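> Whatever this is, show me its structure:
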Amino acid sequence: MLTSPRSFGYKLSDYFMEYGPIEADSLDAAKAQIRRRLGVNRLPLGLHIWDLAERPLTRWRVDVAS
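Reported below is the predicted structural model:
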């Protein structure tokens, strides 16, 4: 059964900016996509990831991490 992708947002701890949306089928898939965007093997400590259906982006929206 195919599920439609969900949208996720993420924020690095101690940063004001929120990044997203990340389109993924699951939280684990979103984490993998964020690791690729950041160019790291492990996600940084304190990284916050949430489903945008539960809470939309509220701060400055940035599509791609620089």
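> When you work out contacts or count neighbours from here on, use the C-alpha atoms and nothing else.
Noted.
> and the residue lying closest to residue 9 once chain neighbours are set aside, how many neighbours?
Leaving aside its sequence neighbours, residue 9 sits nearest to residue 20 (CA to CA, 6 or more residues apart in numbering; 4.6 Å). Neighbour count for residue 20, taken as other CA atoms under 10 Å: 20.
> Let the chain start at 25 from now.
In the new count, where the first residue is 25, that last one comes out as residue 44.
> Quick check: residue 44 is in a strand.
Yes: under DSSP: H, G, I helix; E, B strand; the rest coil, residue 44 sits within a strand.
> Need the pLDDT of it.
Looking at residue 44, its pLDDT is 85.
> any idea how far it lies from residue 67?
As judged by CA to CA, to the nearest Å, residue 44 and residue 67 stand 16 Å apart.
> before we move on, what about residue 73?
11 Å.
> Mind checking which of these two has more residues around it?
residue 73 (19 against 15).
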